[in-house]
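Enquirer: make a model of this:
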Amino acid sequence: MTPAAPVPRPRAPLDAVRRWYERELGWPAAGGTAGEPVQLLTGVRFDVLELPSDAGFAVLRRVARTGPVAYDPAAGAVRLLVAA
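Expert: Sure thing, here's the model as predicted:
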């Protein structure tokens, strides 16, 4: 009998997310391994415009189409991802 080949360690799911951002969208990313959150690096493909939530929601009501948006209720902020 031949010995079994070593089984590779399973990848963290976030590692696949980070690779998707890098390969599919061309957005540089960091983290995503060993349970770390994926961090998108700003200033290369996009920047983040952070507004107080009242102002951010007012912008979203008035603008026909935007890019990705993040809402942080703990900080009371809306973050718009805009072209660099």
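
Enquirer: got phi/psi on Glu24?
Expert: Main-chain dihedrals, Glu24, degrees, to the nearest 10: phi -80, psi -40.

Enquirer: that one: neighbour count?
Expert: Residues near Glu24, counting by other Cβ atoms under 10 Å, number 8. C-betas here are computed from N, CA, C, even on glycine.

Enquirer: roughly how far does it sit from Arg18?
Expert: If you measure Glu24 against Arg18 using Cβ to Cβ, to the nearest Å, the figure is 11 Å.

Enquirer: again with Val59
Expert: From Val59 to Arg18 the distance is 29 Å (Cβ to Cβ).

Enquirer: if you count what's nearby, which of those two comes out ahead?
Expert: Taking neighbours as other Cβ under 10 Å, Val59 and Arg18 compare with Arg18 leading, 22 against 15.

Enquirer: got the contact list for that one?
Expert: Neighbouring residues of Arg18 by Cβ atoms under 8 Å, 6 or more residues apart in numbering: Ala29, Ala30, Gly31, Gly32, Thr33, Val38.

Enquirer: now Ala30. Nearest residue, chain neighbours left out?
Expert: The shortest distance from Ala30 to any non-neighbouring residue, by Cβ to Cβ, 6 or more residues apart in numbering, is to Gln39 (4.7 Å).

Enquirer: close enough to count as contact, that neighbour and Pro28?
Expert: No - assessed by Cβ atoms under 8 Å, Gln39 is found out of contact with Pro28, at 9.6 Å.

Enquirer: next secondary structure element downstream of the lengthiest helix in the chain?
Expert: Assignment by DSSP state H gives helix 53-62 as the longest helix of the chain. Next helix or strand after helix 53-62 toward the C-terminus (DSSP states H and E): strand 69-72.
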